[in-house]
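Asks: would you be able to build a 3D model of this:
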Amino acid sequence: MEEGKRNKIIVFLMLLIGLLLIVPSTFFLEKIREYRDFFAGINPSVLKQTGDNTIPDDFHKNPSFKPRLSFVEFTLKAPKAKEVYLIGNFNNWTPQAIKMLEKGSGEWSVFLPLPKGPCQYLFVVDGKKMLDPKNPKSEKLNGEIVSVKTIR
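Replies: Residues are numbered from 1 along each chain as shown. Got it, this is the predicted structure:
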């Protein structure tokens, strides 16, 4: 095989290998960025501690073991919103502590680990508090009507 043809094949193979390494790396870096951005909106220091929620070492031996926290998704359709926050009894109603992320097409979302039981909350859309339009359950709290969800 002539020298020039062999060099072209080697360069082509090196470019192909480089491309095969770069594409997955770019994909994984984007997923890591999304993960980081998701948690960047949450300040865990404002979440109330609910006791010892560690998983015991022998939990696999106890089929009745159930963790005390459940992951709950809060969603809101607000296509014109610039920023959306979630406030509630789980973070002492601290404004701007839990920023929701826009998933696209005006849908805002956040996942939180919450203790089982009643959960009172409101959305703050561009600085204005609002009830959860998808949740008809509400109650009065200190003169203000708030949405209520039971975490199971």
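Asks: contacts and neighbour counts: CA atoms only from here.
Replies: OK.
Asks: how far off centre is the worst-scoring helix or strand of the chain on mean pLDDT?
Replies: For the chain, counting by mean pLDDT, DSSP states H and E, helix 3-40 ranks last in confidence among helices and strands (a mean of 77). Averaged C-alpha coordinates place helix 3-40 at 28 Å from its chain's average position (Cα atoms, centre = their mean, to the nearest Å).
Asks: would you mark the buried spots in stretch 100-116?
Replies: Buried residues in stretch 100-116, counting neighbours by 16 or more other Cα atoms under 10 Å, are found at 100, 101, 102, 108, 109, 110, 111, 112, 114, 115.
Asks: what is the most widely separated pair among those residues?
Replies: Across the buried residues of stretch 100-116, the longest distance by Cα to Cα is 24.8 Å; it joins 102 and 115.
Asks: circling back to that earlier point, now the buried residues of stretch 100-116 as JSON lines including secondary structure and pLDDT?
Replies: Conversion of those to JSON lines gives the following (DSSP: H, G, I helix; E, B strand; the rest coil; pLDDT from 0 to 100):
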{"residue": "100", "secondary structure": "coil", "pLDDT": "92"}
{"residue": "101", "secondary structure": "strand", "pLDDT": "91"}
{"residue": "102", "secondary structure": "strand", "pLDDT": "91"}
{"residue": "108", "secondary structure": "strand", "pLDDT": "94"}
{"residue": "109", "secondary structure": "strand", "pLDDT": "92"}
{"residue": "110", "secondary structure": "strand", "pLDDT": "92"}
{"residue": "111", "secondary structure": "strand", "pLDDT": "87"}
{"residue": "112", "secondary structure": "strand", "pLDDT": "88"}
{"residue": "114", "secondary structure": "strand", "pLDDT": "87"}
{"residue": "115", "secondary structure": "strand", "pLDDT": "84"}
